[in-house]
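# With the input below, show me the fold.
(one chain, ligands or ions: 1)
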Amino acid sequence: MPPAISRDAAISRKVAAISESATLAMDRRAKELRAAGANVISFAAGEPDFPSPPAAVDAALRACIDPRAHHYSPAAGLPELRNAVAAKTRRDAGLKVTADNVLVTSGTKQAVAHAFTLLLDPGDEVLIPSPYWVTYPEAVALAGGVPVAVPGGESTGFRISVDDLERSFTDRTKVLLFVSPNNPTGTVYQRTQMEAIGRWAAERGLWVVCDEIYDHFTYDGTEFLSLPSVVPELAPMAICLNGVAKAYAMTGWRVGWMVADVPVIAAGINLQSHVCGNISNVAQMAAVGALESGLESVDVMRSAFAKRRQLIVDGLSRLPGFECVPPDGAFYVFPSVSGLIGRRVGGRSIGSSLELANVLLDEVSVAVVPGEAFGAPGYLRFSYALQDEAIQEGLERLERLLT
Ligand code: GLU
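Numbering: from 1, shown residues only. Next comes the predicted model:
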């Protein structure tokens with residue numbers, strides 16, 4: 001357990017108001033229980049179980065013995081990496097960008113924090129389609145902004161519409177956050193829906209922050225599209241975020257980036273120069289190695305995830321009290337468990353999805369993240385980026401507990 005924040009400690013109000021990331025907290029709990037000898041099946045953190053590509057590891061090893069990697073490098077990122085990111089963005093997002101449009105960050109999480117720090121003045125509002133990844137509202141609040149959740153219901157596959165956005169729009173709205181494929185729901189927006197949302201944002205003069213970290217994970221013929229590529233008039237006011245963590249199974253290397261117009265990147269470089277300077281040169285070279293190795297390893301992973309998605313959706317749909325919208329992308333399933341609220345599970349009365357998640361961990365050593373973390377009580381998030389056998393075993397444990 002991390003030590004509790006003392007009420008007497010001189011912690012600022014804005015930091016005291018946030019809590020530990022629920023996804024990382026559940027991952028930590030699962031790992032602690034494992035270290036203590038428990039056989040935990042963890043569907044908690046969204047972290048591919050594959051090794052990082054050999055090309056990334058080789059590039060990192062070469063960088064380790066290259067004296068140029070031993071010292072400070074540009075806060076914007078290594079030129080090799082900025083070039084590789086620009087090429088990747090042109091290929092996958094269809095945006096006309098060069099290395100000058102790229103700022104390298106310590107994981108995509110830092111790019112999220114930087115994007116809001118760059119855009120927000122105190123009181124500026126950010127529209128955040130909900131369910132949302134746990135970190136977005138905290139990052140907005142830390143940057144002085146006000147997160148405004150825009151709920152997307154299960155009946156629309158968790159998609160929000162222009163009407164939903166319009167209802168939440170005020171004269172303080174400055175930014176729309178757009179995430180497709182989505183974490184935690186796996187929702188992928190179609191072109192026509194994106195055209196409508198993008199045009200609305202452009203008409204309203206909003207900035208858009210697009211988290212594209214799951215761009216390579218779409219299934220059953222759905223395709224990833226980048227919002228400023230679908231609605232090009234948005235491009236000058238768009239910040240697109242991505243990284244190597246998910247597509248190349250490189251979560252621990254902490255290399256992400258933002259892609260935006262040059263004036264935004266110039267401000268971002270200033271910010272980065274005071275926040276952390278350059279990202280580890282060894283990690284950056286590993287990212288170059290990964291990006292230059294092409295998409296073979298990504299395709300292998302996507303095929304594995306496509307099979308696991310079927311396995312877990314079928315398994316969860318059979319469980320009493322679970323209802324699953326099959327996800328189009330990412331590697332999460334977000335079933336409703338409202339059928340279990342008010343019932344008894346493992347001898348305990350269940351009052352919320354948060355309590356259910358605790359019971360699953362205590363009773364059958366299955367770790368999941370409760371919907372409360374994503375602004376959606378009544379749901380559980382399962383990551384299926386783990387081995388088939390582990391998924392199967394986890395499903396069997398749930399079935400034994402619930403039937
Ligand atoms: N983004 C992943 C997740 O949602 C990794 C953990 C985190 O940083 O939140 O599980």
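# Determine the three-state secondary structure at the residue nearest the centre of the chain.
With distances taken as C-alpha atoms, centre = their mean, the residue of the chain nearest its centroid is Asn183 (5.4 Å). Under DSSP: H, G, I helix; E, B strand; the rest coil, the three-state class of Asn183 is coil.
# contacting residues around it?
46, 133, 213-214, 330, 332 (C-beta atoms under 8 Å, 6 or more residues apart in numbering). All C-beta spots, glycine's among them, are computed from the backbone N, C-alpha and C.
# Just the ones in strands from the residues you listed, please.
Tyr332 (DSSP state E).
# of all the contacts of Asn183, which two lie farthest apart?
Largest separation among the contacts of Asn183 by C-beta to C-beta: Ile213 and Tyr332, giving 12.2 Å.
# Show the backbone phi and psi for the nearest residue to Arg344 once chain neighbours are set aside.
Once flanking residues are discounted, Arg344 sits nearest to Ile350: 7.1 Å by C-beta to C-beta, 6 or more residues apart in numbering. Main-chain torsions, Ile350, degrees, to the nearest 10: phi -100, psi 120.
# which residue sits closest to the residue in the stretch 251-400 of the chain that the ligand sits nearest to, ignoring its sequence neighbours?
Scanning the stretch 251-400 of the chain for the residue nearest the ligand gives Ser383, at 6.2 Å (criterion: C-beta to the nearest ligand atom). Distance criterion C-beta to C-beta, 6+ apart; nearest residue to Ser383, sequence neighbours excluded, is Gly46 at 4.7 Å.
# circling back to that earlier point, for the nearest residue to the residue nearest to the centre of the chain once chain neighbours are set aside, list the residues it contacts.
With sequence-adjacent residues excluded and distances taken as C-beta to C-beta, 6+ apart, Asn183 is closest to Trp133, at 4.6 Å. Taking C-beta under 8 Å, 6+ apart as the contact definition, Trp133 lies against 23, 179, 183-184, 211, 374.
# Same list, the residues you listed, but as JSON lines with pLDDT and distance to Gln272 please.
Listed next are those as JSON lines, based on pLDDT from 0 to 100; distance: C-beta to C-beta, whole Å:
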{"residue": "Thr23", "pLDDT": "87", "distance to Gln272": "25"}
{"residue": "Val179", "pLDDT": "98", "distance to Gln272": "23"}
{"residue": "Asn183", "pLDDT": "97", "distance to Gln272": "24"}
{"residue": "Pro184", "pLDDT": "97", "distance to Gln272": "29"}
{"residue": "Asp211", "pLDDT": "98", "distance to Gln272": "18"}
{"residue": "Phe374", "pLDDT": "96", "distance to Gln272": "28"}
